[in-house]
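In: Quick one, structure for this:
(one chain, ligands or ions: 1)
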Amino acid sequence: MDPLKKKFFEKSSALKQEVRSLLKEHGDLKVDEVRLRQVFGGVRGVKTMVWDPSQLDPMEGIRFRGYSIPELREKLPKAPGDTEPLPEGLFWLMLTGDLPTDEEVQWLADAWEARAHVPAHTFKALDALSPNTHPMTQFSMAIVSMQSESVFAKRYADGMSKNDYWDAAYEDAMNLIAKLPRVAAYIYRRTFHGGNHIEPDLSLDWSANYAHMLGNDNPDFYSLMRLYMTIHADHEGGNASAHTVHLTGSTLSDPYYSFASGMNSLAGPLHGLANQEVIKWIFEMTNNLGKTKLSEDEIRNYVKHTLDQGKVIPGYGHAVLRLPDPRFTAQMEFAERKIKDDPYVKIVWQLLKVVPDVLKGLGKVKNPWPNVDAHSGAILVHYGMKEYSYYTVMFGVSRALGVLAALCWSRAMGFPLERPKSVTTDWVKNFIKEQVSA
Ligand code: CMX
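Out: A predicted model of the protein is given here:
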């Protein structure tokens with residue numbers, strides 16, 4: 001058994017036993033109550049799921065196994081000469097709860113390299129699609145096409161015991177994560193570079209190899225990719241992509257199907273697609289005004305104009321957070337160090353000064369602050385990636401780390417089929433009548 005799998009097995013077996021006895025003794029304790037407005041309001045805030053890799057605090061932001069983003073940037077192992085963390089280390093942390101050593105991270109990088117082969121039929125399936133197909137559609141289809149490789153599906157068909165689900169899920173998670181950069185880079189090169197593909201460089205770490213296959217070997221871009229792949233990896237379990245993976249996985253659909261479902265959720269403009277919407281909207285603003293050097297008044301007017309058209313300001317607001325997203329701040333720090341004179345980066349910083357007050361003025365927006373998607377586009381444009389319809393694929397590659405670590409845990413813990421209760425509007429009306437007359 002490999003060292004990560006062994007560690008995961010030991011940790012998850014111990015927790016499974018512990019939770020069993022916790023539930024035996026305390027299973028009837030009430031953890032939450034649900035208001036009618038939450039039943040109609042997207043189940044905001046209702047505690048209904050266990051997700052150990054990370055937890056989101058509205059006022060503090062995300063913590064991965066207890067570590068904030070600044071702490072991860074300091075404590076996780078790094079590539080030689082870089083100051084940003086290696087996401088390999090974050091995956092180890094999310095799967096085991098322990099910070100890895102440099103050697104453990106090197107082992108994981110080698111393990112992913114050994115599992116990185118993408119089946120030829122996946123490239124053929126992609127090549128059959130029009131290059132105009134949205135990159136997220138291509139990504140989702142490529143993931144499903146690789147389901148032919150699922151260890152979980154094969155072992156299930158062969159009569160796998162439920163005690164072994166965790167093992168098969170781990171194998172699929174590791175294989176899928178290993179293959180994603182190649183698939184994602186293939187989509188980018190076929191869509192925007194006429195199919196002029198770049199072979200992997202197996203001497204590089206997972207993120208740098210992805211950057212290399214995209215076509216950019218600038219060490220600062222490698223560094224950006226390590227940061228990007230780390231900060232987008234997980235945002236607790238209730239966000240749409242994570243929850244979708246969790247739900248699909250609970251049917252014992254294998255990790256390929258489950259991850260593909262999550263990517264279809266990530267492709268929505270209120271979720272991951274917001275990263276493309278932000279820069280698209282900034283480009284529209286600069287095109288409309290005919291310049292990239294803008295005054296705060298010009299920006300404020302454009303923000304108001306967008307709201308007057310009944311649209312949201314992309315990259316602002318959040319269902320849980322009530323402060324500027326630490327993932328935004330991490331990107332801002334990177335940009336301050338590396339590319340502070342970039343005109344689009346400057347616009348992102350001007351928006352930070354203008355948008356919160358305008359949103360506060362609407363009187364209904366619960367969080368007027370920027371989220372993760374507000375900054376990423378301007379930095380990618382600086383490094384030559386102007387093709388914004390691709391951005392959500394990069395988010396998706398990173399998101400695999402968190403949701404697949406969590407999926408391994410779900411199978412190890414033996415979590416059952418997820419099945420909340422729905423009600424009809426007539427049921428609600430009768431319920432109100434009964435409550436009011438009682
Ligand atoms: N611009 C304009 N209006 C906004 C807004 C924004 N950025 N954020 C919230 N609002 C509005 C909502 O549309 C809602 O209006 P109505 O009552 O008229 O429907 C009202 O404010 C209350 O919404 P909320 O409770 O503050 O926010 P929600 O939890 O319902 O929604 C989110 C959260 C992210 C969907 C919303 O803030 C939004 O649409 N933001 C822009 C899209 C975006 O950046 N999404 C990316 C989020 C991060 C990610 O998942 O990647």
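
In: just checking, what packs against whichever helix in the chain runs longest?
Out: Scanning the chain for the helix with the most residues, using DSSP state H, yields helix 165-192. Using 3 or more C-beta pairs under 8 Å, 6 or more residues apart in numbering; DSSP states H and E as the contact criterion, the secondary-structure elements in contact with helix 165-192 are helix 3-26, helix 102-114, helix 120-127, helix 135-145, helix 151-157, helix 206-214, helix 255-266, helix 391-413. (Each C-beta comes from the backbone N, C-alpha and C, glycine too.)

In: which one of those lies closest to residue 297?
Out: When the helices and strands packed on helix 165-192 are compared for distance to residue 297 using C-beta to C-beta, the nearest one is helix 391-413, at 28.9 Å.

In: Pull that closest one out as CSV, backbone CA atoms only.
Out: Coordinates of each C-alpha in helix 391-413 appear next as CSV, following Å, rounded to 0.1, in the frame of the first residue of the first chain:
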residue,chain,number,x,y,z
TYR,A,391,-10.7,30.4,-17.1
THR,A,392,-13.3,28.1,-15.4
VAL,A,393,-11.4,25.0,-16.7
MET,A,394,-8.4,26.2,-14.6
PHE,A,395,-10.7,26.7,-11.6
GLY,A,396,-12.0,23.1,-12.2
VAL,A,397,-8.5,21.5,-12.4
SER,A,398,-7.8,23.0,-9.0
ARG,A,399,-11.2,22.2,-7.5
ALA,A,400,-10.5,18.5,-8.2
LEU,A,401,-8.1,18.5,-5.3
GLY,A,402,-10.7,19.4,-2.6
VAL,A,403,-13.7,17.6,-3.9
LEU,A,404,-11.9,14.4,-4.7
ALA,A,405,-10.2,14.3,-1.3
ALA,A,406,-13.7,14.8,0.2
LEU,A,407,-15.1,12.0,-2.0
CYS,A,408,-12.5,9.6,-0.7
TRP,A,409,-13.5,10.5,2.8
SER,A,410,-17.2,10.1,2.0
ARG,A,411,-16.6,6.5,0.8
ALA,A,412,-14.3,5.8,3.7
MET,A,413,-16.8,7.0,6.2
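
In: just to revisit the earlier point, including mean pLDDT and mean neighbour count, could the helices and strands packed on helix 165-192 go into TSV?
Out: Formatted as TSV, the entries for the helices and strands packed on helix 165-192 read as follows, by pLDDT from 0 to 100; neighbours: other C-beta atoms under 10 Å:
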stretch	mean pLDDT	mean neighbour count
helix 3-26	98	14
helix 102-114	97	17
helix 120-127	98	14
helix 135-145	98	22
helix 151-157	98	18
helix 206-214	98	24
helix 255-266	98	25
helix 391-413	98	26
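
In: count of residues packed around the residue in the stretch 301-438 of the chain that the ligand sits nearest to?
Out: For the stretch 301-438 of the chain and the ligand, the shortest gap (C-beta to the nearest ligand atom) falls at residue 317, measuring 2.1 Å. Residue crowding around residue 317 was assessed by other C-beta atoms under 10 Å; the count is 20.

In: I'd say it and residue 371 touch.
Out: Yes. Because the distance of 6.8 Å satisfies C-beta atoms under 8 Å, residue 317 is recorded as touching residue 371.

In: thinking again about what came up before, could you dump the helices and strands packed on helix 165-192 to a markdown table with distance to the ligand?
Out: Rendered in a markdown table, the data for the helices and strands packed on helix 165-192 read as follows (distance: least, C-beta to the nearest ligand atom, whole Å):
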| stretch | distance to the ligand |
| --- | --- |
| helix 3-26 | 28 |
| helix 102-114 | 25 |
| helix 120-127 | 25 |
| helix 135-145 | 13 |
| helix 151-157 | 28 |
| helix 206-214 | 19 |
| helix 255-266 | 8 |
| helix 391-413 | 7 |
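
In: Output those helices in a markdown table; the columns should cover distance to residue 241.
Out: Formatted as a markdown table, the helices and strands packed on helix 165-192 follow (distance: least, C-beta to C-beta, whole Å):
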| stretch | distance to residue 241 |
| --- | --- |
| helix 3-26 | 22 |
| helix 102-114 | 21 |
| helix 120-127 | 21 |
| helix 135-145 | 11 |
| helix 151-157 | 20 |
| helix 206-214 | 19 |
| helix 255-266 | 4 |
| helix 391-413 | 6 |
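
In: what about residue 238, distance to residue 55?
Out: Using C-beta to C-beta, to the nearest Å, one obtains 10 Å as the distance from residue 238 to residue 55.

In: More neighbours: the two, which one.
Out: Set side by side, residue 238 and residue 55 show more neighbours around residue 238, with 20 against 16, by other C-beta under 10 Å.

In: Give me the neighbour count for the nearest residue to that one once chain neighbours are set aside.
Out: In space, and not counting its chain neighbours, residue 238 is closest to residue 49: 6.5 Å by C-beta to C-beta, 6 or more residues apart in numbering. If you count neighbours by other C-beta under 10 Å, residue 49 ends up with 16.

In: any idea whether residue 49 is helix, strand or coil?
Out: Classification of residue 49 by DSSP: H, G, I helix; E, B strand; the rest coil places it in coil.

In: Give me the pLDDT value at it.
Out: According to the prediction, residue 49 has pLDDT 95.

In: One more: the one 4 residues further on?
Out: Each residue has a pLDDT score; the one for residue 53 is 98.

In: go on, residue 438?
Out: According to the prediction, residue 438 has pLDDT 83.

In: List the contacts of the closest residue to the ligand within the stretch 1-150 of the chain.
Out: Scanning the stretch 1-150 of the chain for the residue nearest the ligand gives residue 44, at 6.3 Å (criterion: C-beta to the nearest ligand atom). Taking C-beta atoms under 8 Å, 6 or more residues apart in numbering as the definition of contact, the neighbours of residue 44 are 38, 319.

In: residues in the stretch 251-400 of the chain within reach of the ligand, list them.
Out: Taking C-beta under 6 Å from any ligand atom as the criterion, the stretch 251-400 of the chain approaches the ligand at residues 270-272, 274, 312-319, 359, 364-367, 371-373.

In: Excluding residues flanking it in the chain, which one is nearest residue 172?
Out: Closest residue to residue 172 in three dimensions, ignoring its sequence neighbours and counting by C-beta to C-beta, 6+ apart: residue 255, at 3.9 Å.

In: nearest residue to the closest residue to the ligand within the stretch 151-300 of the chain other than its sequence neighbours?
Out: Here the residue of the stretch 151-300 of the chain nearest the ligand is residue 274; by C-beta to the nearest ligand atom that distance is 3.5 Å. Sequence neighbours aside, residue 373 is the residue nearest to residue 274 in space, at 4.0 Å (criterion: C-beta to C-beta, 6+ apart).

In: Could you break this structure into its assigned domains?
Out: Following automatic domain parsing, one finds the domains of the chain at 96-270+388-413, 274-382.
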